[in-house]
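Student: how does the following fold in three dimensions:
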Amino acid sequence: MFACCCTDAGMEGEISMKEDFSRKNIISGQAAMTDESSDVMSQKVDACGVFEVLLDVEAEDSCGIVPDTSHEAFPIVRQVTGAAFAWNNGCPMGLEIKRYDRILTVNGEDVLGRHTERQLDARDKRRMKLTLKHPVERELFLQKPGQLGVAVNYKRSSLGVWIATLGEGLVMSWNNANPDKTVSANDRIIGVNGIQGEPNILVERLRENSDIMVLTVLCYS
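Tutor: Predicted coordinates:
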C-alpha cells in the first residue's frame, strides 16, 4: 500500500510507506569581548551536537538565520546570512551555523515553529544567543523483500521530507541491526538512491520499486 495526500494550502503531505520493496558578526568587537562571548567562543559542540552562538545584531533587523518552519515543532536552518554568516567567518571550527541545523532556543526561550521568525527578529536587540544542534548524516541500505514501514510529512517548501511515524518494516529492521546508526521520528530524508532535490522528487523516488533503496537521512536524536 502506498498513499499520498497533499493539500493545496501548504502542499502538506503524509505518505504511508507500505509498498513492498521485496535513503559576525562573531562578537567582532574582540577588543571588548565580554565574559559571556568568551565562554561561547571557547565552548565545544557537545556529544549530542548541541552548541551555542552569540550574534552581534546591533543595527540589524534579523540575526541572519532564515528558518524552515514547515515542521512547526521542529524548526531548522534554511539559509545563513548577515550576522549569522559573519559569525561563521570567525567562530571556532565546529561552531558554524549550517543548513539543516535544528534551532532549539533563542535568548533562552524554546523555539516554537509558528513563532520562530518573530523570535529571530533582531530589531531593538544588540546581541542574540541561540542554541542549535547539528544533525548526523546517515545512509540506510534497505533491500527487498519487505515494506519501508514509515510515514513521512512534507510541504512544498520543505527541506527534504521528515519521518512522522516509524513502524514495522525495513527501516525498523535496519535500526535493530544497526543500533549505532538508527533513525527516528523527526529525522529528515534528504536523498533517495543518491538523488536529492525538492520534496516531490524525493516522494517519487520513495515510490520506486528498486531492489535496493539507499536513504540519506539527517538524524537529530
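Student: residues contacting residue 182?
Tutor: By CB atoms under 8 Å, 6 or more residues apart in numbering, the residues touching residue 182 are 174, 175, 219, 221. (Each C-beta comes from the backbone N, C-alpha and C, glycine too.)
Student: tell me the secondary structure for it?
Tutor: coil (DSSP: H, G, I helix; E, B strand; the rest coil).
Student: now for the contacts of residue 182, which sits with the most neighbours around it?
Tutor: residue 174 (19 neighbours; other CB atoms under 10 Å).
Student: phi, psi for the residue nearest to that one when sequence neighbours are not counted please.
Tutor: In space, and not counting its chain neighbours, residue 174 is closest to residue 140: 5.2 Å by CB to CB, 6 or more residues apart in numbering. Note on residue 140: backbone dihedrals following degrees, to the nearest 10 are phi -110, psi 130.
Student: I'd like to know how many residues surround residue 140.
Tutor: 19.
Student: do the same with residue 167
Tutor: Residue 167: 14 neighbours (other CB under 10 Å).
Student: I'd say it and residue 150 touch.
Tutor: Yes - under the criterion of CB atoms under 8 Å, residue 167 makes contact with residue 150 at 7.2 Å.
Student: hmm, back to that, what's opposite the residue nearest to residue 174 in the beta bridge?
Tutor: Here residue 140 sits in beta bridges with residue 215, going by DSSP bridges.
Student: test my guess that it contacts residue 212.
Tutor: No - counting by CB under 8 Å, residue 140 stays clear of residue 212, with 10.6 Å between them.
Student: roughly how far does residue 178 sit from residue 75?
Tutor: Going from residue 178 to residue 75 by CB to CB, to the nearest Å gives 28 Å.
Student: who's more crowded, these two?
Tutor: Ranked by neighbour count (other CB under 10 Å), residue 178 and residue 75 place residue 75 first, with 24 against 13.
Student: about what we covered before: looking at the contacts of residue 182, which is nearest residue 163?
Tutor: Nearest to residue 163 out of those is residue 219 (CB to CB; 9.7 Å).
Student: so what's that closest one bridging to?
Tutor: Judged by DSSP bridges, the bridge partners of residue 219 are residue 136.
Student: residue 66 now?
Tutor: According to DSSP bridges, the partner residues bridging residue 66 are residue 79.
Student: give me every residue that touches it.
Tutor: So residue 66 contacts 77, 78, 79, 80, 81 (CB under 8 Å, 6+ apart).
Student: could you dump those residues into TSV and include distance to residue 132?
Tutor: Supplementary listing: the contacts of residue 66 in TSV, determined by distance: CB to CB, whole Å:
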residue	distance to residue 132
77	7
78	13
79	14
80	11
81	15
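Student: now restrict the residues you listed to buried residues only.
Tutor: Buried by 16 or more other CB atoms under 10 Å: 77, 78, 80, out of those.
Student: closest one to residue 205 out of these, please.
Tutor: residue 78 (21.6 Å).
Student: how near is that closest one to residue 158?
Tutor: From residue 78 over to residue 158 (counting by CB to CB), the distance is 10 Å.
Student: that's all I had, so thanks and see you.
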